[in-house]
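I need the structure of the sequence given here:
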Amino acid sequence: MTDTSGKPVLYYIHDPMCSWCWAMAPVLNELIRKIPEGVEVQKLLGGLAPDTDEPMSDDLREMVQSSWRRILQHVPATELNFAFWTDCVPRRSTYAACRAVIAARMQGEHYEDAMNTAIQRAYYTQARNPSDESTLVDLAGEIGLDVERFRDALHSKGVRKTLETEIAQAREMDVESFPALVFRDRKGMRPIPVDYTDARPMLAAIDAALKKSAEA
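You can find the predicted model right below:
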């Protein structure tokens with residue numbers, strides 16, 4: 001995936017049901033606002049967990065809740081509503097939420113972030129389950145999408161193919177966990193270490209990558 005055009009790109013690889021992506025959201029927004037001029041930001045859905053109708057096992061529920069507790073230790077300002085674990089039937093299934101972001105994108109690029117954020121807020125703060133299609137359809141209406149068009153897209157081959165393509169791109173970048181940042185230029189790709197509380201180290205790493213890119 002070497003960039004033959006020479007235009008530098010920062011890839012953000014994520015999943016709307018990745019709790020660490022939710023923890024990073026405020027700093028990510030700052031990073032994007034302060035990104036050096038000329039660097040394009042592209043978001044890729046990495047696909048955390050494929051479709052399943054099976055409820056999470058007790059061990060898996062505890063593992064994910066432990067991850068939430070670690071987030072509160074490292075990024076204490078993160079809002080996490082543990083009522084989700086008693087009010088919903090959790091499933092380790094995030095592909096539908098990923099497809100929802102793509103389906104929203106099809107109605108306008110600005111809806112991509114709107115749907116991603118709506119899913120995160122529903123999951124982490126409102127104890128609603130984005131693994132359920134009914135939740136995703138409700139969120140589509142709440143952010144102003146054409147709901148019927150969204151519902152059709154959610155099941156379309158095109159949306160499924162787009163998700164498969166983005167997952168494949170992430171794997172080509174050797175991304176194994178989310179969130180992840182990868183800088184690409186005409187010389188190739190390099191990971192940018194993620195910082196959940198401070199945009200400055202990431203900006204410094206991007207600046208360093210740009211300087212290397214400019215070297216003859």
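
outside of stretch 118-128, which residues touch it?
16-17, 19, 21-22, 25, 78-81, 83-84, 87-88, 97, 100-101, 129-130, 135-136, 139, 142-143 (CB atoms under 8 Å, 6 or more residues apart in numbering). Using the backbone N, CA and C atoms, a C-beta is placed for each residue, glycine as well.

chain center to that stretch, what's the gap?
When C-alpha coordinates are averaged (CA atoms, centre = their mean, to the nearest Å), stretch 118-128 and its chain have centres 14 Å apart.

Lys34: what's it in contact with?
Lys34 neighbours (CB under 8 Å, 6+ apart): Ala199, Leu203.

could you redo the last one with a cut-off of 6 Å?
Counting by CB atoms under 6 Å, 6 or more residues apart in numbering, Lys34 touches Leu203.

And the pLDDT at it?
pLDDT for Lys34: 97.

do the same with Lys7
At Lys7, pLDDT is 88.

What ranges does the protein have for its helices?
Ranges of helices within the chain are 19-33, 58-74, 84-87, 95-105, 110-125, 133-142, 147-154, 157-172, 200-214, based on DSSP state H.

CA atoms only: put the shortest one into PDB for me.
Provided in PDB are the C-alpha atoms of helix 84-87 (Å, rounded to 0.1, in the frame of the first residue of the first chain):
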ATOM      1  CA  PHE A  84     -25.500  -2.000  30.000                       C
ATOM      2  CA  TRP A  85     -24.300  -5.300  31.500                       C
ATOM      3  CA  THR A  86     -27.600  -5.800  33.400                       C
ATOM      4  CA  ASP A  87     -30.100  -4.000  31.000                       C
END
